[in-house]
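Chemist: Sequence first, then the predicted structure, then my questions.
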Amino acid sequence: MNHLAGFLAGLTASMGLGGGFILIIYLSVFKNMEQSAAGGINLMFFLPIAFVSSIIHLKNGLVEKKLIPVICLAGIAGALCGVLLMKALDESMLRKLFAGLLIIVGCRELFRKRKTAPQAVNK
């Protein structure tokens, strides 16, 4: 079961479909892990995938290079704020917020209009 969850999470993450949701659900529901620990493991799982994906997108010209520093700083600030918020909330509230996020993202995916593939920006 562990290998199947890892495979599905990696497969969906590599397609940009949110493999972290699968990993967090698996760890918190089937392995009875605290939501905060499952989220931390998900972040460690995400880092190498994000690195490889970033290189591929850079090679394909799909990245506006001038935005990289801004996005990195915003990502670091967002991660720090997220950690502080997570520490301030109890486990049951984290689970409820995560469930709400899953519902919102699921509904958005169900009802959004599909766009065409991104074009290279060559910047």
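Modeler: Structure received.

Chemist: can you pull the buried residues of the lowest-mean-pLDDT helix or strand in the chain?
Modeler: Every helix and strand of the chain was ranked by mean pLDDT, DSSP states H and E. The lowest is helix 2-14, at a mean of 72. Of all the residues in helix 2-14, those buried under the rule 16 or more other Cβ atoms under 10 Å are 5, 9-10, 12-13. Just so you know, the C-beta spots here come from the backbone N, C-alpha and C atoms, and that holds for glycine as well.

Chemist: What of stretch 96-113?
Modeler: Neighbour counts over stretch 96-113 (16+ other Cβ under 10 Å) mark Phe98 as buried.

Chemist: and the longest helix along the chain, what other elements does it pack with?
Modeler: The longest helix of the chain (DSSP state H) is helix 35-59. Using 3 or more Cβ pairs under 8 Å, 6 or more residues apart in numbering; DSSP states H and E, the elements in contact with helix 35-59 are helix 2-14, helix 19-25, helix 68-88, helix 91-111.

Chemist: Quick one: closest of those helices to Gly61.
Modeler: For the helices and strands packed on helix 35-59, distance to Gly61 was read as Cβ to Cβ. The smallest value, 13.8 Å, belongs to helix 68-88.

Chemist: who's in contact with that closest one?
Modeler: Applying Cβ atoms under 8 Å, 6 or more residues apart in numbering, the contact partners of helix 68-88 are 36, 39, 43, 94.

Chemist: again, but for stretch 1-9
Modeler: Against stretch 1-9 from outside (Cβ under 8 Å, 6+ apart): 19-20, 22-23, 26, 30, 45.

Chemist: From Leu94, how far out is Ile49?
Modeler: Ile49 sits 23 Å away from Leu94, taking Cβ to Cβ, to the nearest Å as the criterion.
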